[in-house]
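Student: With the sequence up front, the predicted model follows.
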Amino acid sequence: MKKLTISITIFLMTIAVYCQKKETNFDFEKIKNGVLDNWSSFGSADYVISVDSTIFKEGKYAASIEFKGEKKGYKALEFKIPNNYNGNKITLTGYIKTENVTDGYAGLWMSIDPGVAFENMSEKEITGTTDWKKYSITLNMDVLKTDKIVFGGLLEGKGKMWLDDLTITIDGADIEDLKPFIIPAKADKEFDDGSQISIINLDNVNIKNLKIVGLVWGFLKYHHPNIAKGDFNWDYELFRVLPKVLNAKNNKERDGVLVEWINSLGVFQENKEVVKITDEIKMKPDVDWISNSNFSNELSKLLLSIQNAERTDDHYYVSIYFDGTGPPAFLNENPYPEMKYPDSGFRILALYRYWNMIQYYFPYKYLIGEDWKNVLFEFIPKIISAKNETEYMLTVLELIARINDTHANIWGGYKALNNYQGINYAPVKLSFIENKAVVTYFNDDVLGEETGLEIGDVISKVNNKSVDTIVKENLKYAPASNYATKLRIIALRTLVATNDSILNIEYIRGHKKENTVIKVADSNRSKIWKKDFDHLADTCFKLITPKIAYLSQTSIHGKYMSKIWNDIKNTKGLILDCRYPIINSPLDSVSKYLYPKKAEFAKLTVGNIKTPGLFTFGYIGKAGGENIDYYKGKVIILVNEDTQSTSEYHAMAYQKAPNAIVIGSQTAAADGNISDYIYFPGNIMTFITGMGVYYPDGRETQRIGIKIDFEVKPTIEGIKDGRDELVEKAIELINEQ
């Protein structure tokens, strides 16, 4: 029987290797329905990917990418390696031929995701017309941090490229001859079809025990060295221990279950020396609950020994970008996309997963405004009691909103959430001006005229419900760092959305109340995002007067600055508009003209893998350089609630310019790099602000926003008259002697 088992195993391994070789198609010889089998693509639609049977390096076919449109961009062929492999270095080799490649380059590319390593040959600049030539890319590997490996060829700009005869080797060995590396955490499939946890009695004892499990489960996830190695599917370990805890008759038995579970995770090395922290500490780990929870001596001692365990910077479930100086990336978190409404166990997992990410890797946990542990207790019955997909998603959204971070929301289109909020929109852009919902823009001129509304009208009721009531009901579903930004979200997504075909609107024009019925349409027809992207088409620069320059930070590209600066340098005032998202990040290109010398404008905190929950100042934001011919005029920086993230960071930098003045209103207060994707079961995706950003003197930006010198807000009368009152104030300040 033993020989038969061995024979079957060898047979299955042979099939696996054979199938893997067939799947690769690195030489483009497998064609299915006229296209390359197992390959995909991404990038601009103005390119054509073809199978070429007349020009090739080996075999019968090569792949080609050709620009055939009007708007140049890029196009990439992509192959996703179906398995993970252990090794130190991975090398992609392939042949490239080009024809008339201009305004860009052709090349190979390879990425180890998320954020482990990347190369796209942009610096090699394969341009013009070239014959077949062999090229290669080599990246350093890290199997614990690797979710997937993808590679291919790409064309940026104009022209045509051919690609053929690719190979992948790891430490010199062909990948087709290697055995995939299967981390034990990924080999555990026991609960793929469900957690097997259904009915939970939500009495106070069970909720308290569930809170304790959530605390211990998350603590172990980020502290236990064997979990860090990927030895355990930590999602599924929860489903193994949870029923035992819920069946415990008393606290002593519960603690005994947890001790037995922890001991089953294996031995580890305790750190015999206290780790010395040399960087300035901003936030210490919150682990006092270990000593304050009245655990048994055995459980407390065991948890404290794990807290002092010897850890490295390698972790299966989390990484810090940029060699430990950036935001967190949460690795190997299964999104369970097929579970639109997860069962009770997976809903509890959703809560534990997110709560512990915030507990140990949110730089602003101390600014949440309440004890985060109380939020865990509060949401246990909420998430378990969610009766359907919509209630589950709303509970998740409410949980996300509790961290008070504008970066944190449910991002992406989700049918259940869209159906709840409304899939149809009025073609009206509302903003809260003077604490009132005011019509500030029509997303479509024709549809806008049909509404009967005018710019400056104040909306007082929607479907017979007051705007104040709608705001109060939806604040808990509006994740943002401050009240002004919550209102921005509600104005855009809630007030003018419905599942009906009409909205009944009560509005105030002058001193008179009126009523109208507005026809609505789906988001594409009503163009609800048009206002947010209109400014992208505008020129980034203009002279308001011969002596006053205006520069929009949204559409400016660094390479434009040397030409633009000739028109700016002799003006007496420069208006830098930071009221919209920034696309091209022109910080260094602009700042070098504004400063007489390099200046520090921010300091940032980063998390820690070895000491989860610790945040220290580890990066200084600097801009500018030595420049005796720096700008001598006034620099007026415009901000408002739309100034968010990168826009806030740029505004902080520009504040360091001599004669800089910031005018406007409270910004979105979510400065700093975002984390990598965070997934809840059900494929619900969100982010968090992943690095703390502070002024050099330590002043906060999160929840507060950028320091403002003159508060200037739009008025209803100004909106009616079509005036930009911030620009008007900027001109006034520039003209002052």
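Tutor: Thanks, I have it.

Student: got a list of what residue 52 touches?
Tutor: 61-64, 162 (CB atoms under 8 Å, 6 or more residues apart in numbering). Yep, even glycine has a C-beta here, placed from its N, CA and C like the rest.

Student: What separation do you get for it and residue 626?
Tutor: Look at residue 52 and residue 626: by CB to CB, to the nearest Å, they are 53 Å apart.

Student: Repeat that for residue 123.
Tutor: 27 Å.

Student: Are we agreed that residue 544 is in a strand?
Tutor: Yes. Judged by DSSP: H, G, I helix; E, B strand; the rest coil, residue 544 forms part of a strand.

Student: one step back: make TSV out of the contacts of residue 52 and add distance to residue 720, neighbour count and pLDDT.
Tutor: As requested, these are exported to TSV (distance: CB to CB, whole Å; neighbours: other CB atoms under 10 Å; pLDDT from 0 to 100):
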residue	distance to residue 720	neighbour count	pLDDT
61	64	21	93
62	62	26	93
63	58	25	93
64	57	23	94
162	60	23	96
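
Student: Quick check: end-to-end length of stretch 462-471?
Tutor: 11 Å (CA to CA, to the nearest Å).

Student: which residues sit against it?
Tutor: 436-437, 459-461, 487, 490, 494-496, 498, 503-506.

Student: Quick check: buried residues in it?
Tutor: 462, 467, 470-471 (16 or more other CB atoms under 10 Å).

Student: Could you do stretch 642-662 as well?
Tutor: For stretch 642-662, burial by neighbour count (16+ other CB under 10 Å) applies to 642-657, 660-662.

Student: So which of the residues you listed are in strands?
Tutor: 660-662 (DSSP state E).

Student: of the buried residues of stretch 462-471, closest to residue 285?
Tutor: Taking CB to CB as the measure, residue 285 lies nearest residue 471 of these, at 36.8 Å.

Student: you'd agree that closest one is in a strand?
Tutor: No. Under three-state DSSP, residue 471 sits outside any strand and is assigned helix.

Student: Local confidence estimate at it?
Tutor: pLDDT for residue 471: 97.

Student: next one: residue 524
Tutor: 57.

Student: repeat for residue 72
Tutor: 81.

Student: and it, which of the three is it?
Tutor: Three-state assignment for residue 72 (three-state DSSP): coil.

Student: what's the neighbour count on it?
Tutor: 17 (other CB atoms under 10 Å).

Student: got the ones in strands among the buried residues of stretch 642-662 as CSV, with pLDDT and distance to residue 633 columns?
Tutor: Shown next, in CSV, are those (pLDDT from 0 to 100; distance: CB to CB, whole Å):
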residue, pLDDT, distance to residue 633
660, 96, 11
661, 97, 11
662, 98, 16
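
Student: Next, give me the two most distant ones among the contacts of stretch 462-471.
Tutor: 487 and 504 (21.8 Å).

Student: Which one of these two is surrounded by more residues?
Tutor: Higher neighbour count among residue 487 and residue 504: residue 487, with 21 against 15, using other CB under 10 Å.

Student: For the nearest residue to residue 183 once chain neighbours are set aside, give its distance to residue 106.
Tutor: Spatial nearest neighbour of residue 183, chain neighbours left out: residue 230 (4.0 Å); criterion: CB to CB, 6 or more residues apart in numbering. According to CB to CB, residue 230 stands 37 Å off from residue 106.

Student: Just want to know which of the two has more residues nearby.
Tutor: Comparing residue 230 with residue 106 by neighbour count (other CB under 10 Å), the higher total belongs to residue 106, at 28 against 22.

Student: Report pLDDT for that one.
Tutor: We have a pLDDT of 95 for residue 106.

Student: Partner strands of the helix or strand where it lies and their direction?
Tutor: In this structure, residue 106 sits in strand 89-113 according to DSSP states H and E. Looking at strand 89-113 with DSSP bridges, its partner strands are strand 117-119 (antiparallel), strand 126-140 (antiparallel), strand 148-170 (antiparallel).

Student: export these to TSV and tack on distance to residue 193?
Tutor: Below are those laid out as TSV (distance: least, CB to CB, whole Å):
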stretch	distance to residue 193
strand 117-119	35
strand 126-140	36
strand 148-170	24
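
Student: Quick check: which of those has the most neighbours on average?
Tutor: Ranked by mean neighbour count under mean count of other CB atoms under 10 Å, those are led by strand 148-170, which reaches a mean of 22.

Student: what's downstream of that strand, the next helix or strand?
Tutor: Assignment by DSSP H and E places the next element after strand 148-170 at strand 173-174.

Student: starting at the chain centroid, how far to that next one?
Tutor: Remark: strand 173-174 is offset 35 Å from the chain centroid, using CA atoms, centre = their mean, to the nearest Å.

Student: in its sheet, what does it sit against?
Tutor: Checking strand 173-174 against DSSP bridges gives partners strand 148-170 (antiparallel).

Student: what sits against residue 495?
Tutor: 430, 437, 459, 462, 467, 470.

Student: Residue 590: which of the residues you listed is nearest?
Tutor: residue 430 (32.2 Å).

Student: Counting neighbours, what do you get for that closest one?
Tutor: Residues lying near residue 430 (other CB under 10 Å) number 25.

Student: How about the one 3 residues further on?
Tutor: Counted with other CB under 10 Å, the burial measure for residue 433 works out to 20 neighbours.

Student: Show me what it is bridged to.
Tutor: Taking DSSP bridges as the rule, residue 433 bridges to residue 436.

Student: Work out for me the element residue 237 sits within.
Tutor: helix 234-246.

Student: Show the average pLDDT along the following helix or strand past that helix.
Tutor: Counting by DSSP H and E, the next helix or strand C-terminal to helix 234-246 is helix 251-263. Across helix 251-263, the average pLDDT comes to 98.

Student: so how far is helix 251-263 off the chain centroid?
Tutor: 37 Å.

Student: which helices and strands does that helix pack with?
Tutor: helix 204-223, helix 234-246, helix 297-307 (3 or more CB pairs under 8 Å, 6 or more residues apart in numbering; DSSP states H and E).
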